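In: I need the structure of the sequence given here:
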Amino acid sequence: MDSKKKILVVEDEKNIAQVLAYNIKKEGYDCDIAYDGESGLNMALENRYDLILLDIMLPKMTGFEVCERIRYKSQVPIIFVTAREEEKDKILGLETGADDYVTKPFSFKELISRIRANIRRSSGEIVTEKKEDTSETIVVGELVIDTGRYSVTKNGEEVELSKKDYDLILFLAQNLGMSYSREDLLEKIWGYDDYYGDIRTVDVTVSRIRKKIENDPARPEYLMTKRGVGYYLCKR
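Out: Below you'll find the predicted structure:
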């Protein structure tokens, strides 16, 4: 149940952190606060959290550094909550391993919707269109997706992917050749409806995956775009 879930807020502005914690607790979650990046990182690595809300501009360590360090050890959902709204910051945030990016000022209703969606998906409560055989192996050209090992290899070498990267490739591989809009993928992979999701999140994730699986990301052979429709994995 959501009431048992625990969230870590890493935010140096105490009034914002305390308002976030207050509202998060009102929704039935437990909540801890860290007021600098170093403390946030230590708490994230030493305790079990179901989701982390992370600012970027923090004392001692930036949110980007904290996120990257957490990802070496954990796939806990991470949402950046920050006043930095430039596209390059959003791209960098997602590339360091965050699951989503929310800019201040924000609607708490929107934020809690994203929190719930990420926690549900992380805990396996959202079921995507997957085949029942959890140990299936899918071969797409030089790519091998092993659902038993939660891995993707290319030419025998493992591709380093975040959980969202893996979930997206697996979903498209299990629906090979079928195109899905960014709104569809937000719902199926992130668990968001199109009102609360940011479709740029899908584009950034696709771009990141292409850098890892394509010989030339500018001319993809696997993860393709169907103009005016969406994305699909090529049958090759």
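
In: all the helices of this protein, residue numbers only.
Out: In the chain, the segments counted as helices under DSSP state H are 14-26, 37-46, 63-71, 87-95, 108-122, 163-174, 182-185, 199-213.

In: which stretches of the chain have low pLDDT?
Out: Along the chain, the parts satisfying pLDDT under 70 run over 1-3, 85, 123-135, 193-198, 236.

In: find the nearest non-adjacent residue to Lys211, please.
Out: In this structure, Lys211 finds its nearest non-sequential neighbour in Pro217, 5.0 Å apart by C-beta to C-beta, 6 or more residues apart in numbering. Any C-beta I mention is one placed from the backbone N, CA and C, and that applies to glycine too.

In: what do you get for Gly63?
Out: Ile56 (3.9 Å).

In: neighbours of the closest residue in space to Met61 that isn't next to it in sequence, how many?
Out: Once flanking residues are discounted, Met61 sits nearest to Gly37: 3.0 Å by C-beta to C-beta, 6+ apart. Using other C-beta atoms under 10 Å, the number of residues around Gly37 comes to 25.

In: ok, Gly37 to Asp203 distance?
Out: The spacing between Gly37 and Asp203, counted by C-beta to C-beta, to the nearest Å, is 28 Å.

In: do Val139 as well
Out: From Val139 across to Asp203, the span is 27 Å (C-beta to C-beta).

In: one more: Arg71?
Out: In this view, Arg71 and Asp203 are 20 Å apart by C-beta to C-beta.

In: and Cys67, by the same measure?
Out: Remark: distance between Cys67 and Asp203 (C-beta to C-beta) = 19 Å.
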